[in-house]
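1. take this sequence and fold it.
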Amino acid sequence: MTIRDRIFDKLDELNMTQKDFSQKTGIPESTISDWRKKRTNPTAEKLMVICNTLGVSIEWLLSGIEQPGDRGKPMDWYVIDAKTESGMLISIYNSLDKAAQARLLGYAEALKNME
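-> Below you'll find the predicted structure:
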């Protein structure tokens, strides 16, 4: 099953029309139609908005596999929307020099230990 297949299956499951999906994602209806008609997949920059709109993880969208609960091996990486608070924090962290990054991590660790 492809990314495109998973998107359209999820739309059916959610009873969401292509028009509704287009309005919620900002992706033109013609682009969504092309995925169906031309059997193509969305471009990478659209994947996170698709996941947010459909309520699925990027892992599920790309592979069809969802890591269940706390079982299995935890992920060694995260996919975060840059517009969220977590994404903004990562952007700020990445803009700092190494010394400031180390200080920020120290502050975060100290805050965590206060609880």
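2. all contacts plus neighbour counts: C-alpha atoms, from now on.
-> Noted.
3. count of residues packed around the nearest residue to residue 25 once chain neighbours are set aside?
-> With CA to CA, 6 or more residues apart in numbering as the criterion, residue 25 has its nearest non-adjacent residue at 6.0 Å, and that residue is residue 49. For residue 49, the tally of surrounding residues (other CA atoms under 10 Å) stands at 15.
4. with the one 4 residues further on instead?
-> Burial measure for residue 53: 14 neighbouring residues, criterion other CA under 10 Å.
5. which phi and psi does residue 15 have?
-> phi 50, psi 40 (degrees, to the nearest 10).
6. can we start the residue count at 355 from this point?
-> Sounds good: first residue 355 from here, last item residue 369.
7. need the pLDDT of it.
-> The predicted local distance difference test score for residue 369 is 96.
8. next: residue 414.
-> Confidence per residue is given as pLDDT, and for residue 414 that number is 88.
9. next: the one 3 residues further on.
-> We note a pLDDT of 85 for residue 417 in this prediction.
10. now the helices for this structure?
-> Shown for the chain, the helices assigned by DSSP state H span residues 357-367, 372-379, 383-391, 401-408, 412-417, 439-449, 452-468.
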